[in-house]
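Colleague: Could you look at this predicted model? Sequence included:
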Amino acid sequence: AEEPGKGRQIAAFFHSGETEIMFAELYAGMGPVQIAVLIASAILIGINKTAIPGIGVLPVIMLTMAFESRLSTGLQLIMLVMADLMAVSWYRRKADWRIIWRLLPWAWTGLAVGAVVLWLLPEGNDRIMRMLIGGIVLGLALLNFVRSRIAPDKIPTGRVAAGFYGTLLGFTTHLANAAGPVAAIYFLAMKLPKEKYMGCNAWFFLIINWTKMPLFLMDGRITLEALKVDLTMIPFLLVGGALGILLISKMPQKLFENIIQVIVVLCAIYLFF
């Protein structure tokens, strides 16, 4: 007798209008386009973390176009740290920790440099931040274009290269959550098998993104309201992760990444100018 009573209470809740009020408060100030961008970004982040790291820049652009630039990076980071947990649970035994530990100290240095640069930017100047993110993404797109035309065995992988790529990783990820192309260049140069590549990518960004959380909180880029909104994106992150594992990885990856690169460049040019 108790269970039907609970069922009626749940049904009454969903027909009482309380859910509409709850979601209206949760997404207060957001339009349908912004909510759609959040959902699409969550799906893309899920795919990015489990199958195609090359598309990780696209949510950066989408969120920056739809939201105030500092808020957009905070919204994305919350989704990234949740997706990192999903990726690590799938690739947890595949990482090469020698490579990860070689990059981490330099990446933390790059985070510090990025924090200083962000601190020096004029408060509330969204236009400068948008141009900075657009410029970073354009630079990374060019870097990715050059990388695609260089054989992995010709890309330096020594200590100097680790210092350069690690610092650049930390800097770009702190300012724009857009370090994926840099990581791709270094991990590909290490000639890693696909699963070990994904394992290194998953563990490295889990550590870096969780390291960034306190910095983003101090910068005011992560708010309680943003956290609540992003928690509702968890189902879409899981959908993206499943798509990456089951479907997208079976598509012609080269063609897919080329299309994404064109979209990314066009959107970055829009942001920059």
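Modeller: That came in fine, so what should we check first?

Colleague: Any buried residues in stretch 136-156, and which?
Modeller: Ile136, Val137, Leu138, Gly139, Leu140, Ala141, Leu143, Asn144, Arg147, Ile155 (16 or more other C-beta atoms under 10 Å). Placement of C-beta: from N, CA and C, glycine included.

Colleague: surely Ala141 meets Val265?
Modeller: Yes - the criterion here is C-beta atoms under 8 Å, and Ala141 meets it with Val265 at 5.0 Å.

Colleague: Name the nearest of the buried residues of stretch 136-156 relative to Pro32.
Modeller: Nearest to Pro32, judged by C-beta to C-beta, of the buried residues of stretch 136-156 is Val137 at 25.4 Å.

Colleague: my read: the closest one touches Met62, true?
Modeller: No - Val137 lies out of contact with Met62 (C-beta under 8 Å); the separation is 11.4 Å.

Colleague: Averaged over its residues, which helix or strand of this protein has the lowest pLDDT?
Modeller: When the helices and strands of the chain are compared on mean pLDDT, DSSP states H and E, helix 2-14 comes out lowest with a mean of 47.

Colleague: picking up where we left off before, specify which member of the buried residues of stretch 136-156 is nearest to Leu237.
Modeller: Nearest to Leu237 among these, counting by C-beta to C-beta, is Val137 at 21.8 Å.

Colleague: where are the low-confidence patches of the stretch 1-150 of the chain?
Modeller: 1-24, 54, 123-125 (pLDDT under 70).

Colleague: All the helices of it, residue numbers only.
Modeller: Along the stretch 1-150 of the chain, counting by DSSP state H, counting those that start in this stretch, helices occupy 2-14, 18-26, 32-50, 57-66, 69-91, 97-120, 126-148.

Colleague: tell me the SS of Ala178?
Modeller: coil (DSSP: H, G, I helix; E, B strand; the rest coil).

Colleague: neighbours of it, just the number please.
Modeller: 27 (other C-beta atoms under 10 Å).
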